[in-house]
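Trainee: my questions concern the predicted model and sequence given below.
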Amino acid sequence: GESVGLHLPTLSVQEGDNSIINCAYSNSASDYFIWYKQESGKGPQFIIDIRSNMDKRQGQRVTVLLNKTVKHLSLQIAATQPGDSAVYFCAEKDTGFQKLVFGTGTRLLVRP
Amino acid sequence: ETGVTQTPRHLVMGMTNKKSLKCEQHLGHNAMYWYKQSAKKPLELMFVYSLEERVENNSVPSRFSPECPNSSHLFLHLHTLQPEDSALYLCASQLERAGFAEAFFGQGTRLTVV
């Protein structure tokens, strides 16, 4: 069945270092993936997305990598800042229906 | 601000009370969702409305009753809830079109059932 899971529930990084948050998915029919950031007391906010016909997409300080062979998605944050501290969710959408399936989330802690 | 507004932000209710959560968007989106977010669990999809018609109900207990009077408003009516229903309830809206599925979330209603 569908499942989206995250390898690590908590990731602690030093300010200025790069962060990598991983996500595994099981639905090979998924054609669209999104990363969301959720800060304390707020709803999830869109960070970056990628379609299944792409392997990599870059935004401002963030890069998403998609490996369809092993059904793996990652979010890379360059020069991590204190403001990046949040819970990060990956979500997938299967072909034909707009429903998003979310993973449990990874908490990113940035050490000063 | 994502353009999706939820009220109230916080709600404490007894198990015998009846309350409603409200969600509003003026983004021109045509699909709206209710999600439940509990600690250490994935976001759970509760209800989906597409073009104001409910298209999915993931076997949510009948003590939760959604209403979508128009494409800009979504309600979640609550009655005789249980303490385990305490959670953050998130509304999201989306413009349904082939290939895109970005959902915009509201800030949520933190619900506590006592």
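Mentor: That came through, no problem. Numbers count the residues shown, from 1 in each chain, chains lettered A, B, ... in the order given.
Trainee: alpha carbons only for contacts and neighbour counts from here, please
Mentor: Will do.
Trainee: sticking with the spatially closest residue to A:Leu100 that is not a sequence neighbour, tell me its helix or strand.
Mentor: Here the nearest residue to A:Leu100 in space, its sequence neighbours aside, is A:Lys93; by C-alpha to C-alpha, 6 or more residues apart in numbering or on different chains that works out to 4.8 Å. Using DSSP states H and E, A:Lys93 sits in strand A:86-94.
Trainee: give me the contact list for that strand.
Mentor: Residues from elsewhere that reach strand A:86-94, judged by C-alpha atoms under 8 Å, 6 or more residues apart in numbering or on different chains: A:4, A:21, A:23, A:25, A:27, A:29-40, A:99-109, B:101.
Trainee: close to chain B: what parts of chain A are there?
Mentor: A:31-32, A:34, A:41-46, A:51, A:93, A:96, A:98-105 (C-alpha under 8 Å from any C-alpha of the partner chain).
Trainee: keep only those of the contacts of strand A:86-94 that are in strands.
Mentor: Taking DSSP state E as the definition of strands, the contacts of strand A:86-94 contribute A:4, A:21, A:23, A:25, A:30-38, A:100-102, A:106-109.
Trainee: show me just the buried residues among those.
Mentor: A:4, A:21, A:23, A:25, A:30-38, A:100-102, A:106-109 (16 or more other C-alpha atoms under 10 Å in any protein chain shown).
Trainee: from B:Gly3, how far out is the spatially most central residue of chain B?
Mentor: Nearest to the geometric centre of chain B sits B:Trp34, at 2.7 Å (C-alpha atoms, centre = their mean). Per C-alpha to C-alpha, to the nearest Å, B:Trp34 is found 16 Å from B:Gly3.
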